[in-house]
Structures are given as C-alpha cells and as structure tokens.
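Engineer: sequence and computational prediction follow.
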Amino acid sequence: MSKTIIVSNRLPLQIKLNNDELEITPSVGGLATGMKSVHKDDGGLWIGWSGLTEEELNESLEKKVDKAVAKENCASVNLSQNDIDNYYFGFSNRTLWPLFHYFMEYTEFEKDFWESYKRVNQKFADVVIENLEDGDKVWVHDYQLLLLPQLIKDKRPDVSIGFFLHIPFPSYEIFRTFPWREELLTGMLGSDLIGFHTYDYERHFLSSIKRILRLDVKFNEIIYHDRIVKVDSFPMGIDYKKFHEAAINHTELNTNDKSELQQRLDDHIQASQDTKLILSIDRLDYTKGIPNRIRAFEYFLNKYPEFKEKVRLIMLSVPSRSNVPQYQLLKKETDELVGRINGQFATVSWTPVWYFYRSMPFDNLIDLYTSSDVALITPVRDGMNLVAKEYVATRTKKDGVLILSEMAGASKEMNEALMINPNNFEQIADAIKQALEMPIEEQISRNTILQKRLERYSVEKWAHEFMKSLDATKNLGQVIVSEKLNDKLVERMLSDYKKAKSKLILLDYDGTLAGFQDNPQNASPDAALIKLLDRLNEMPNTDMVIISGRDKETFEKWFENKDYSLITDHGVWLRKRTKEWEALERLKNDWMENIRPILETFVDRTPGTFIEEKKYSLAWHYRKADPELAQIRTIELNTVLTSLISNNDLTVLKGNKVIEIKSSSVNKGRAASRLLSVKDYDFIFTIGDDWTDEYMFEEVPEGSYTVKVGFKKTKAKYYVKDTKEVRTLISKIADSQ
Ligand SMILES: O=P(O)(O)OC[C@H]1O[C@H](O[C@H]2O[C@H](CO)[C@@H](O)[C@H](O)[C@H]2O)[C@H](O)[C@@H](O)[C@@H]1O
Ligand SMILES: O=c1ccn([C@@H]2O[C@H](COP(=O)(O)OP(=O)(O)O)[C@@H](O)[C@H]2O)c(=O)[nH]1
C-alpha cells in the first residue's frame, strides 16, 4: 500500500532526556499542531527531528527513541549539536526566518550556517529515500527544508513531491538580497506542487522565479526543464471539531474536574463580574508583535481610563528558539514592559497584565480560550496564525470578539474579525474599546460566519485539497503534445539514420546548439561545439545545415574557416559548403525607417531591452527586462505594430524573449522547403527551441524527426530538456557509422 510521507524539521512529538529516561511532549507551533490531525488519519510516515542530539544518544537510547517515534508512525533524523546550532538556530532562525518575515536588520548571512543547512537537508533526504517505497508521495514542510524537494527528485524523479511553506514568502525586493537565492529556488522546484497560505506569498514567489531564474510562468505553472511545477495557495485550517467539542465538554465540567487554571479564572470572573478578559497566545517571537501589543494596551488604558480595573490582558508567551540573541532580547523587553505597566496601573485588587512564560497543555489552552471575552492577536508578520482560528472555534455560544492583525495570513479569510494595523496604537486602542462594548448580537453574527468557514475548511480539508492538487499534477505533462526523446526512441532514430542513403540535419543555433546569453554576441560557438559540428559535418551522405534568425555577417565571422551549410536571417541567405552566399529571397528593407523609431521608444520606456538590426529585419530583445513590464510592453508593441504593418508584406514574430519584424514571405519553413525541393532525403532531423522553428517543424514531411528544445507547446514530435541534451544527441548521431 502506498503511503504519504510527511517531512518537517520537528516531529509532532519532542523528546528530552531525564536521567536516561525519555520525556515525551507534544510539539508546539502551528505546523505540528495542524499536521498532527492529518497524520493520524493517513496511516503514513512522518520524518523529522526528535529533539535529541547525536551527542546525547548512545546505542541503547537510540533504539529507545526509534521505538518511541515508530509507535507514532514517525522516523527520526539524527542531528548533531553542531547541526542544531548552525542549521536550526543558525540558518533557519537567524537567516531565513527574519528575512522571510521582513526583519532584514536581524538577518545574518553566514557561510557556515549555509553549509550546515545544505548538509542537514541532505541528511533529511537520505532518511526519506531510505523509507520510500514505490507509489509513495512526499509532502515536505517549511523553510527549514527548502532544498529537500530537489535532493529527493534527483534520486527519485518518479516520486510526487509536494512542498508547503508555512511562513510568508517575501517580496522579490527582499528575497533578491539573499546570497544563495538561486539555490533556494531551484531546491523548491524539485517539487511538483508548491503551496502557500495566501495568494500574496504565491505571487511574491512567482515574481522571484521570473526575475531570478528567468523561467516562464503561465498563470500558476512554472515550466522547469521538462516538468511543470504548479504553485497555488491553500490557507491552512484547524481541527475545528477537536477544539469545538473540547470547548463543549469544558462547559459541562464539575468544579472538581476543573483545572487549577480554570478555577483561578473562575475566581476572577466571580470576584469582578464586570471585568473582561483579553487573551493573547503566541510563541515568544519578534514577529508576533508582543511589545506592540503591550504598548497598545497601555495606550488604551491611558486613552480610556474608565476601563481601568474593568479589563485584564492574559498573555501566554511560549518559550521559543531561546538560543537566538533576538529572542533573548525580546524576552527581556517583554518582562520589562509587563513590569512597567503592572507597576504603573496595578491596584490592590487588580493587575492589568497576567503574564505566563511557558507552554500549556491542550486542556489549559481550552480554559483560556473559553474564558476570554476578546482575543488580541497582533503579529507584525505571520504566515497564518492558527491561534486566531482556535479562539473562534471554541466560542460555543458564538460570543467573543477577535481582534486580528492584517499582517497575519489568517486575516485574508477572517474578514469578520476587527482588523488592525499592529503599528497603529490608536487603532488598536479603539478596536479594544469596540470589542469590549460590542453588542452580543453583533458578536454572534460575526462568529457565525467565521465558524462556518472554519468548520468547512478544516485542516483535514486543507490537506485533502493539497493532496488532490498534487495528484492532479501527474496529468499536467499531457498538455504538451510532444514526447520525451528517450533512449529507446534515440536508438530507433540512429538505426533509421544508419539505414538512410540521403540525410538532412537542420539545426537551429540560439537556445539549441548554444545557451541563451544576456548579450546575443556572447553566444559564439565554443571549442567543444565546433568539434562536434565538424564531426557531424563530415558524416557521409549527410547535409548538416545550421538554420538561424542570426544575420549573415555574424555567422560569416563565427564560421569563417568552416565549410558548414548555413541559412541566416530566418531564410533570406543560404551558404552551401562552397562558401558562396546565395539570396533565397529578394527583399526590401525601406520599411525599417518607419519601424525603427517605434522600437526606439519601447527601448527608452523599457529598461534592459535593446534593438538588433539585421539586413532585412529588426528585432526587439527583452531578455534582460523586468518580466512583468516586458509582458505589458510586448502586448502594447504588438498592437502598435499590427496596425502599422497591415499594408506591407511584413510579419511580427514572437521568438524566445524577442519580437522580430520581418518580411512575411521569409521563414525557416520556406527555407527548409527550398532545400527539400532540390534534393530527395530519406532521413530528416530538425531541432529548435522557439517559435520561429515551428515553421520548420510544420514544413518537413511526415516521418521526419522533429525535436523541440525545452518543455513547451510545439508542433514537434519529440522534445529534449536543454542544450546539454541537444549536444549529447548530436554527438550520438556523429558517432553512428
Ligand atoms: O519549531 P519551532 O522553531 O519551535 O517553531 C514552531 C513553528 O513555528 C512556525 O509556524 C508557522 O506555521 C503555522 C502553521 O502553518 C502558521 O500559522 C504560522 O504563522 C507560522 O509561523 C514555523 O513555520 C514552523 O516550522 C515551526 O515548527
Ligand atoms: O502553550 C501552547 C501555546 C500554543 N500552542 C499551539 O501552538 C500553535 C501556534 O500556532 P500559530 O500558527 O498561531 O503560530 P506559530 O507558533 O506556528 O508561529 C497553536 O496551534 C496553539 O494551540 C500549544 O500547543 N501550546
């Protein structure tokens, strides 16, 4: 039976050593609490770190740990103290976490952290591969494991891999500052599906993909080598039933069964019945806006003094990543702020802030959620924030008010909350007042809508939707009509080639024989390519022709001493082995005077673009421009040109990051058919990467080997991945005698 393997940094359980005995506690944090409900039902395997370091383990302890985690359908990845220091506290939490949450001033770009991150991602990959069986799917989670999808794909290209990022993906302007940005993005692209909590994170990611890797993105699909990687947003839900039912059971508890915390809360409610409770729960993390919240509460008490003794803030701050200096500073700041406010406002019978610095078991969380009139959630950045959802789920009578920061991913789906900007104290103070005075009917009406959505889009539904979408990526390849030129097909082709008596090989140049360069003049043939072409050109009964949109002058210079056959300018000029140039078309170029100024205005308005002037055509290249601006400009330019060229014998060609204006009567297809009309061939092979090559694929007879470079929509029968594969293929032809 195939299974789903969940992989995350932390396992849902954390193990500590207590006098050689294992002390097992549930992990805190949204990822673990949310995924736990999914894992339980799936019967799969969860791979992650157990909480112990290699140094703490001996052989017998390791066995004990393996047994304990296996009982929960988990497998552990062993990390050393050095890994924890550099990969977890270091790269994950001193580099990626602050950068992705827009805390650039906290971000440390340390080479040692990066090296450790790569090593540990490999450790995870090894454990995943060890546990993989045919038909298994892998679901990788979060920023600690951004390189993992590609590491798995390299070894097991057949496996479906999903990746979900639980934190924000920052805007390109932030992400571009990152020294290893290409590696991180390509690591993620090992996945078949990449999920984010919100559409904003998704579009930021796609923006970096387009700008940094310069990949083609069609709506939410990335064309990556010969695969399509789908990107989508899936806002994570909670185990609604678990929280809601726990809250119902909680209301039915006898006094004796109540927790100590609940009894204290009850005493408080009894003693001052008109005093309301405001709750906040988060890990003590600088992204959660804890100092802002305390200061805003102080501001509220000053602005609305009538609420003194009538309201109390209960703050549960869970210790987190306390080895990282910024977290230690935050702890100090929080202690001081709480002390200051309590010192300033407390009376004999009232302390404005109750502050707990610890983690609490589930039952105590329910005590807090169900006893509080208001939840005040104020992160300055937060991927999602499940606490906001949990609070609403526990409001069995539908009363209570959620105040939520618009910087939390959850805000996108919780419109009925009172939305605040965490930096605006005035607004927070007013929202607190509004919440405390909100009529019960309004509370019920807001929570009814919120609860319905939370119940419907639960964490199970979220996981199901993600996996359904991952399964659907299996069919994405079928959109493309061509077939991968695999070893078996290559063998057949070589055998046809050997049998044939007269053979034609048509080779496009840019993007096919040579890689794409920012400056087209830098794409001159390297020594290895020349050697390869020499060999192919000498094959018996073989006409090798390089057919390109390049101008004749460039090819003349590059292939000066060679007797290759060349077709340039999309089919205007032909040079046979004799080295004599012959014009295949008689063309005019007086139209250029009118078109050039238009292209120049587009160059001026679109930084990074430039004009290439050929004898019979003009090309506007935009490979170095911002991809989104270029997309807008190509539409504009196309409209302008279409109206201008209608009376001329001109055509506008959309190539690979280029728009070219040339005579309509010239294209590679026409040039190819000229060759075919003067000689009979019983083996034809054509290969090319862009639109201009499609004419050629259309023109050659049925039975020819037509090959596209890259995974794109095409009329060609087959495709290969990239220029490297092109060269391997050609070299095989040149080797076959
Ligand atoms: O494992 P830790 O370093 O102790 O941190 C706990 C988790 O914090 C982060 O949670 C995020 O995931 C939540 C669920 O998607 C989301 O609501 C929240 O906004 C995020 O911050 C982190 O992403 C996890 O990897 C950590 O395990
Ligand atoms: O003492 C605590 C406090 C919080 N939580 C849980 O920790 C998660 C916090 O998730 P959230 O998405 O709000 O933030 P994160 O910590 O993941 O950034 C929620 O499910 C809480 O119920 C917990 O298990 N014990």
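Structural biologist: Noted; the coordinates are in hand. Everything quoted here is computed from the prediction, not taken from an experiment. Numbers count the residues shown, from 1 in each chain. Ligands and ions are numbered 1, 2, ... in the order given.
Engineer: and the closest residue to Gln521 other than its chain neighbours, how many neighbours?
Structural biologist: Excluding its sequence neighbours, the residue lying closest to Gln521 (Cβ to Cβ, 6 or more residues apart in numbering) is Thr554, at 7.6 Å. C-beta coordinates here come from the backbone N, C-alpha and C atoms, glycine included. Using other Cβ atoms under 10 Å as the criterion, Thr554 is surrounded by 18 other residues.
Engineer: report pLDDT for Thr554.
Structural biologist: pLDDT recorded at Thr554 is 95.
Engineer: ligand 1 versus Glu702, what's the distance?
Structural biologist: The spacing between Glu702 and ligand 1, counted by Cβ to the nearest ligand atom, to the nearest Å, is 54 Å.
Engineer: so which bits of the helix or strand that contains the residue nearest to Gln521 are buried?
Structural biologist: Here Thr554 sits within helix 552-558, counting by DSSP states H and E. Within helix 552-558, the residues that count as buried by 16 or more other Cβ atoms under 10 Å are 552, 554-555, 558.
Engineer: ok, these vs Ile174, which is closest?
Structural biologist: Thr554 (40.3 Å; Cβ to Cβ).
Engineer: once you drop chain neighbours, what's closest to Trp573?
Structural biologist: In space, Trp573 is closest to Lys552, 4.6 Å off (Cβ to Cβ, 6+ apart).
Engineer: quick one: that neighbour and ligand 1, what's the gap?
Structural biologist: Here Lys552 is placed at a distance of 58 Å from ligand 1 (Cβ to the nearest ligand atom).
Engineer: that residue contacts Lys615, correct?
Structural biologist: Yes: using Cβ atoms under 8 Å, Lys552 is in contact with Lys615, at 7.1 Å.
Engineer: can you list residues touching both of these two?
Structural biologist: By Cβ atoms under 8 Å, 6 or more residues apart in numbering, Lys552 and Lys615 have these common neighbours: 569, 572.
Engineer: for stretch 445-465, give the mean pLDDT please.
Structural biologist: Rounded mean pLDDT across stretch 445-465 is 95.
Engineer: and it with ligand 2, contact?
Structural biologist: No: Stretch 445-465 stays out of contact with ligand 2 when judged by Cβ under 6 Å from any ligand atom, the minimum separation being 10.0 Å.
Engineer: return the set of buried residues in that stretch.
Structural biologist: 446-447, 450-451, 453-454, 457-460, 462-463, 465.
Engineer: and stretch 131-141, by the same measure?
Structural biologist: Going by 16+ other Cβ under 10 Å, stretch 131-141 has these buried residues: 132, 136-141.
Engineer: would you mind writing the CA trace of that stretch as CSV?
Structural biologist: Coordinates of each C-alpha in stretch 131-141 appear next as CSV, following Å, rounded to 0.1, in the frame of the first residue of the first chain:
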residue,chain,number,x,y,z
ASN,A,131,11.9,5.0,3.7
LEU,A,132,10.5,5.5,0.2
GLU,A,133,8.5,2.7,-1.4
ASP,A,134,7.0,2.6,-4.9
GLY,A,135,3.9,4.7,-5.2
ASP,A,136,4.6,6.8,-2.1
LYS,A,137,4.1,10.5,-2.1
VAL,A,138,6.2,13.0,-0.2
TRP,A,139,4.9,16.2,1.5
VAL,A,140,7.8,18.4,2.6
HIS,A,141,7.1,21.3,5.1
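Engineer: hmm, who's touching it?
Structural biologist: 2-9, 31, 35, 45, 47, 75, 128, 148-149, 152, 156, 159-164, 166, 191, 466-467, 470.
Engineer: out of those residues, who's near ligand 1?
Structural biologist: Filtered for proximity to ligand 1 (Cβ under 6 Å from any ligand atom), the contacts of stretch 131-141 shrink to 31, 166.
Engineer: out of the contacts of stretch 131-141, which are buried?
Structural biologist: Using 16+ other Cβ under 10 Å, the buried ones in the contacts of stretch 131-141 are 3-9, 31, 35, 45, 47, 75, 128, 148-149, 152, 156, 159-164, 166, 191, 466-467, 470.
Engineer: right, and the helix or strand after the lowest-mean-pLDDT helix or strand in the chain?
Structural biologist: Every helix and strand of the chain was ranked by mean pLDDT, DSSP states H and E. The lowest is helix 30-42, at a mean of 77. Per DSSP H and E, the first helix or strand lying C-terminal to helix 30-42 is strand 45-53.
Engineer: which residues sit against that next one?
Structural biologist: Among residues not part of strand 45-53, those counted as contacts by Cβ under 8 Å, 6+ apart are 3-17, 35, 39, 61, 65, 69, 72-81, 83-84, 88, 124, 127-128, 131.
Engineer: give me the subset of those residues lying in helices.
Structural biologist: Counting by DSSP state H, the contacts of strand 45-53 place 35, 39, 61, 65, 69, 81, 83, 124, 127-128, 131 in helices.
Engineer: quick check: the two most widely separated of those?
Structural biologist: Greatest spatial distance in the ones in helices among the contacts of strand 45-53: His39 and Gln81, 27.7 Å, computed using Cβ to Cβ.
Engineer: more neighbours, the two?
Structural biologist: Between His39 and Gln81, His39 has the larger neighbour count (other Cβ under 10 Å), namely 22 against 11.
Engineer: how about the nearest residue to that one, chain neighbours excluded?
Structural biologist: Nearest residue to His39, sequence neighbours excluded (Cβ to Cβ, 6+ apart): Trp46, at 5.3 Å.
Engineer: partners of the one you found in the sheet?
Structural biologist: Trp46 forms beta bridges with Ile6, Cys74, as assigned by DSSP bridges.
Engineer: and it, how far from Lys3?
Structural biologist: Separation of Trp46 from Lys3 (Cβ to Cβ, to the nearest Å): 11 Å.
Engineer: surely Ile238 forms part of a strand?
Structural biologist: No: applying DSSP: H, G, I helix; E, B strand; the rest coil, one finds Ile238 to be coil, outside a strand.
Engineer: and it, how far from Thr714?
Structural biologist: Distance from Ile238 to Thr714, by Cβ to Cβ: 45 Å.
Engineer: so those two - more neighbours on which side?
Structural biologist: Set Ile238 next to Thr714 and count neighbours by other Cβ under 10 Å: Ile238 wins out with 27 against 23.
Engineer: and the angle for the least confident helix or strand of the chain with strand 45-53?
Structural biologist: If you take axes from the mean of the first three to the mean of the last three Cα atoms, to 10 degrees, helix 30-42 sits at 140 degrees to strand 45-53.
Engineer: quick check: the residue of this structure nearest ligand 2.
Structural biologist: Nearest to ligand 2 in the chain, going by Cβ to the nearest ligand atom, is Gly30, at a distance of 2.6 Å.
Engineer: how about Lys331, nearest residue that isn't a chain neighbour?
Structural biologist: Leu284 (6.1 Å).
Engineer: that neighbour contacts Leu329, doesn't it?
Structural biologist: No: counting by Cβ under 8 Å, Leu284 stays clear of Leu329, with 10.8 Å between them.
Engineer: which one of those two is surrounded by more residues?
Structural biologist: Leu284 (20 against 12).
Engineer: who's in contact with the more buried one?
Structural biologist: For Leu284, counting by Cβ under 8 Å, 6+ apart, the contacting residues are 290, 317-320, 327, 330-331, 334, 357.
Engineer: which phi and psi values does it adopt?
Structural biologist: Per-residue torsions, Leu284: phi -70, psi 90 (degrees, to the nearest 10).
Engineer: please shift the residue numbers so they start at 594 in all later answers.
Structural biologist: Let's use 594 as the start, then, which means that last one is Leu877.
Engineer: what is the neighbour count of Ser1257?
Structural biologist: Neighbours of Ser1257 (other Cβ under 10 Å): 12.
Engineer: ok, Asn611 next?
Structural biologist: The local packing of Asn611 (other Cβ under 10 Å) involves 7 other residues.
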